[in-house]
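A.B. asks: Kindly generate the corresponding structure for this input.
(one chain, ligands or ions: 1)
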Amino acid sequence: MNAPLLRTRGLGMRFGGLQAVADLDLETWPGEILGLIGPNGAGKSTTFNLIAGAMRPTSGVIEFDGHAMVGRPTHDFARRGIMRTFQHNKPFESMSLADNVKVGMHTRLPLSLWQVLAAAPATQSVEAKAARRAEELLEFVGLGEWVHADVGTLSFGQGRLLEIARALAGEPRLILFDEPAAGLTAAECERLAGIIGRIAAQGIAVLLIEHDMRFLMALAHRVAVLNFGRKIADGTPAEVQAHADVVRAYLGNVEALSNA
Ligand SMILES: Nc1ncnc2c1ncn2[C@@H]1O[C@H](COP(=O)(O)OP(=O)(O)OP(=O)(O)O)[C@@H](O)[C@H]1O
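C.D. replies: Reported below is the predicted structural model:
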């Protein structure tokens, strides 16, 4: 098999006396959907923060496309193609959908400040391209009809789709979804699953935290399970659901695992 796109080795994060993530080895490949599950407080969000470069680990290694990432500034993680979506989307309310998506391109636009200020010809062609790309991405997530609408007019579920279009605007190679199905209707969840599947089919690696087990188990190619910061299982959805340590970790909340 080819080298993984993302590889962590011995990744650890300590908050004072609390070891939130411990000795974590994770790998993801292009086009793969890797689910990350675990009981509350298991360390999933902290793992995302480390991989997105929002927090610096207290131990271990993160390699992305062969580059050592620990210690680099957060924007370097985005520039190399690690993007994330958040549980609570924060769009720019008074801007159109297209402009919101264009903001997501800022890590990629090859413009210097003076070009923008001088409205040089180069700026206009880059602008036109950015506008076309924003439309494409909005169509991809099913918001093609609302390209010029104000974000304030969107429903909650549509806001979630806009957040995905914005993340895609940064041309991710790895995209981190933090509970993308939370608060969505069944129909919206189905649409979202289709979108995430198509993102992976383009060769983008997907890392997915999701409490909705049915959603996650149907979508993930592989699932890693955390408990008290440590990985206790890593395998296909069927393998992890049958894993004795996983069942034990979810004791008291067995229905959360068995509703998959
Ligand atoms: N900034 C922080 N400072 C101190 N402790 C933290 C911090 N962030 C997380 N923790 C602690 O680290 C542990 C792991 O938290 P984390 O949010 O990563 O878990 P999680 O698996 O995402 O949980 P949930 O499913 O409830 O969102 C928890 O005990 C949490 O209280």
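A.B. asks: how much space is there between the most centrally placed residue in the chain and the ligand?
C.D. replies: Central residue of the chain (Cα atoms, centre = their mean): L176, 1.5 Å from the mean position. Distance of L176 to the ligand, given as Cβ to the nearest ligand atom, to the nearest Å: 12 Å. No exception for glycine: its C-beta is placed from N, CA and C like everyone else's.
A.B. asks: Name the helix or strand for that residue, please.
C.D. replies: Assigned by DSSP states H and E, L176 falls within strand 174-178.
A.B. asks: For that strand, name the packing helices and strands.
C.D. replies: helix 44-51, strand 82-85, strand 205-209 (3 or more Cβ pairs under 8 Å, 6 or more residues apart in numbering; DSSP states H and E).
A.B. asks: among the ones you listed, which is nearest the ligand?
C.D. replies: Minimum separation from the ligand across the helices and strands packed on strand 174-178 (Cβ to the nearest ligand atom) falls at helix 44-51, 3.3 Å.
A.B. asks: Residues in contact with the closest one: which ones?
C.D. replies: Applying Cβ atoms under 8 Å, 6 or more residues apart in numbering, the contact partners of helix 44-51 are 6, 8, 11, 13, 20-21, 24, 26, 36-38, 54-57, 62, 77, 82, 84, 174, 176, 178, 207, 209, 226, 229.
A.B. asks: Where is the longest helix in the protein?
C.D. replies: helix 121-140 (DSSP state H).
A.B. asks: what's it packed up against?
C.D. replies: Looks like helix 121-140 contacts helix 97-103, helix 113-118, helix 156-169 (3+ Cβ pairs under 8 Å, 6+ apart).
A.B. asks: Now distance to G183 too, for these, in JSON lines please.
C.D. replies: Shown next, in JSON lines, are the helices and strands packed on helix 121-140 (distance: least, Cβ to Cβ, whole Å):
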{"stretch": "helix 97-103", "distance to G183": "19"}
{"stretch": "helix 113-118", "distance to G183": "37"}
{"stretch": "helix 156-169", "distance to G183": "6"}
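A.B. asks: ok, back up a step: would you single out the least confident of the helices and strands packed on strand 174-178?
C.D. replies: Ranked by mean pLDDT, these end with strand 82-85 in last place, scoring a mean of 92.
A.B. asks: W29 against R173, yeah?
C.D. replies: No - using Cβ atoms under 8 Å, W29 makes no contact with R173, being 11.0 Å away.
A.B. asks: Now for the two: what residues contact both?
C.D. replies: Common neighbours of W29 and R173 (Cβ under 8 Å, 6+ apart) are 5, 205.
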